[in-house]
Structures are given as C-alpha cells and as structure tokens.
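A.B. asks: From the sequence below, what's the structure:
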Amino acid sequence: MRVVLAGGGTAGHIEPALALADALRLQDPAIGITCLGTERGLETRLVPARGYDLQLVPAVPLPRAITPQLLTVPGRLAGAINTAAQILDKVRADVLVGFGGYVATPAYLAARRRGVPIVVHEANPRPGLANRLGARLTDHVYTGHPETPLSGAQYIGIPLRRQISTLDRFSFGDKARSYFGLESDRPTLLVFGGSQGARSINKAALDAGPALRRAGVQVLHVIGPKNAVEEEPPPGDPQYVILPYVDRMDLAYAAADLVLCRAGAMTCAELTAIGLPAAYVPLPHGNGEQRLNAEPIARGGGGLLVEDSDLTADWIMRTLVPILHDPDRVAAMSEAAARLGRKDADVALARKVLEIASR
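C.D. replies: As a prediction, this is how the structure comes out:
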C-alpha cells in the first residue's frame, strides 16, 4: 500500500502528518509513504530527519484580499496541481491524506483528478482554506477539535509523536531535571512560546526571574532560535536555565510541574495528552483560534488562560507561584488536563486511512 501525506509549512501541519506516518509504519512496516511539501517549509528539515521520502510541490499562497497577485494564482496553481498529480502517478498512490497548508490545495485537486481517495485532517477549531476545499471533495474528514465546523467531520484528536503520547513524565521527572541541570526537589516552571518563541512570554518570564528565584522556583526557559537575550539571569540557586531550542521536548515536559506557553493546537494536544497543566497565552493577533484551543482546557480545570496584554512578571508571581507551591492543586490540574487529552489519535487515524485505502 502507498500513502501520500500533504501537510507543510508549519510544525502544526507537519508533525501530525509525521505522527500518522509513524503509526502507519507500526501497523505495516511495508507501507510506502511519501510526504509532499514546499521548498521553503519546515518539512525540508523535519521530514528527511524522520526518514521519510519528501517530494516538493510549488507553493501557491492564496491572497486573502483582491490584489494584483490574485491574477497570478490560476496559472501557478495549475502548475502545482500537475506536479502533485505526477507524484501521485509515480508512487502509485492508494490514498492521499491532507493536513492543510500551501501544499494541500494542489494535492487535493490532483487526487480528485486522478481518482485517488482523499482523507482530510484539520487540527484547528477554525479550518483553513485548503481543508475547507478538501472537505468538499471527500466524505472522510477528521478533526483535532470537537467543535471544528466542517460538515460531516468526525472528531478524532491530533496525531502526536509516540515519544510524547507514551511519555510517563512522573517516572522520568528526576532524569529529565538532571538532563537540563535542574534540581530534583524544586517546583519547576517550563516556559516556551512555540517553535520560534514568543517575545512577550520571554520578557514576562525574564522580568520575573529574580522574584521566582526568591520564591524557590526553578525555570526551564526555551526562548526560541530567533530570540536573543540581552541579559541572562546570573548563575544562582534555584536554577534559571535558558536554551534557544530543545530537541527533547519529552524531557522538557517531564521536568516541569507547570507550563507557561502559547496555545497552538499541537501544544494544547501534547500537554493534555500527558496531563501537564499550563497557563496558556493565546496569540494576540490572527483569527483567534489559539483562544479556542485553550478555552476548553481552562473550563475543564486543566489550565489557565491569560491575555497577552495581561501577562507580566507581577501576574506570574501572583498567579503561578501559589500554584507551584501547592502540590495538591498541581495534581488536580494534571488530572483535569489528562481527562481532556487524546493519546491514540495517531493509531485511530491510521486505521481509518488503511480502511479507506483498502477499499
């Protein structure tokens, strides 16, 4: 069987696709898997690193307004569709699974042209243009959010890396803290802002650094690869560890008692799957989907929701430090978060894909 996965641009599109690829290979190691991407997306690094074949399709961004660029779209889209169709022919695809992003639109249209079954997975509560189109071309639509407005869609959760979904963070807590140079018996706050970092979160946490130390809280702060810190906290106890990025997010999660982070779909899915409570700071711009991601978790008691404009060092000290010093509350929030998580979406979606392809 040969499966083609279309999802590129951001980690939010690529990681679920790769998690599905891993789950398919677990079901049948002989399955052929090809990933479609564009030359400027993160997939050029992430897909080969995970050992999967990557084929490139020209990116065709669709303007959100009527501009002169709109006139160039039909010709460029036709070329991208032809490229995607040639790839489907070359690998003799049995099914196409799309996750959104620039590459998904030509992939869906190419699969429709070739008569290849289409499966759509939408991770966000507000579907993007590509997946709204894809959902019109198939009856096989699955979502990572229970309230995503796609007709006929089935809620299945977001496929996650097995490294995350199978993590027993309590068993690995001491090892994980040692890995990052942290102490085993301190309340620990993990701070990160997504794959690129978040300046407002970085500033608030760094401003709170001295007060957090005085309160006995240690911090693991992933600032993002494109963010520089003008003045790092001086060495001291408790530790305040700053890293530009972390390859082992499973260990970062295992080291933490509480997280301060953005509210992307993947972040929310990972934290609830492992039962790790968080203070979510949705992006202050965009279409508001990050707030929609975090609201059910906050309502369910598995986290807090704070506006970007309200996030300050003072808020961290007033709100998060009392939680960190209350093990019973941390445990209750952890249990509430875990009740909202889905650990098996990768396996569930893999079974659906295999069933559809086998028909």
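
A.B. asks: confidence score at residue 143?
C.D. replies: Per-residue confidence (pLDDT) for residue 143: 97.

A.B. asks: Enumerate every residue touching it.
C.D. replies: 121-123, 150, 153-156 (CB atoms under 8 Å, 6 or more residues apart in numbering). Any C-beta I mention is one placed from the backbone N, CA and C, and that applies to glycine too.

A.B. asks: my guess is residue 256 meets residue 277, correct?
C.D. replies: No. With contact defined as CB atoms under 8 Å, residue 256 does not reach residue 277; the gap is 9.2 Å.

A.B. asks: any low-confidence regions in this structure?
C.D. replies: 61-73, 195-197 (pLDDT under 70).

A.B. asks: Check for me that residue 213 belongs to a strand.
C.D. replies: No. If the criterion is DSSP: H, G, I helix; E, B strand; the rest coil, then residue 213 is helix and not within a strand.

A.B. asks: Isn't it up against residue 235?
C.D. replies: No. Residue 213 is not in contact with residue 235 according to CB under 8 Å; the separation is 10.9 Å.

A.B. asks: Domain map for this structure?
C.D. replies: Listed domain ranges for the chain are 2-163+343-358, 167-339 (source: automatic domain parsing).

A.B. asks: Show the residue spans covered by the helices in the stretch 1-150 of the chain.
C.D. replies: 11-27, 43-49, 73-91, 104-114, 129-135 (DSSP state H, counting those that start in this stretch).

A.B. asks: out of these, which comes closest to residue 346?
C.D. replies: Residue 346 sits nearest to helix 11-27 of all these, at 3.9 Å, using CB to CB.

A.B. asks: Okay, and the beta partners of residue 119?
C.D. replies: Per DSSP bridges, the residues bridged to residue 119 are residue 97.

A.B. asks: check contacts around it.
C.D. replies: Going by CB under 8 Å, 6+ apart, the list of residues near residue 119 reads 95-98, 138, 140-142, 352-353, 356.

A.B. asks: Sitting in strands, which of these do you find?
C.D. replies: 95-98, 141-142 (DSSP state E).

A.B. asks: neighbours around the spatially closest residue to residue 141 that is not a sequence neighbour, how many?
C.D. replies: Spatial nearest neighbour of residue 141, chain neighbours left out: residue 153 (4.2 Å); criterion: CB to CB, 6 or more residues apart in numbering. Neighbour count for residue 153, taken as other CB atoms under 10 Å: 20.

A.B. asks: Same question for residue 75.
C.D. replies: 10.

A.B. asks: Cool, thanks, talk later.
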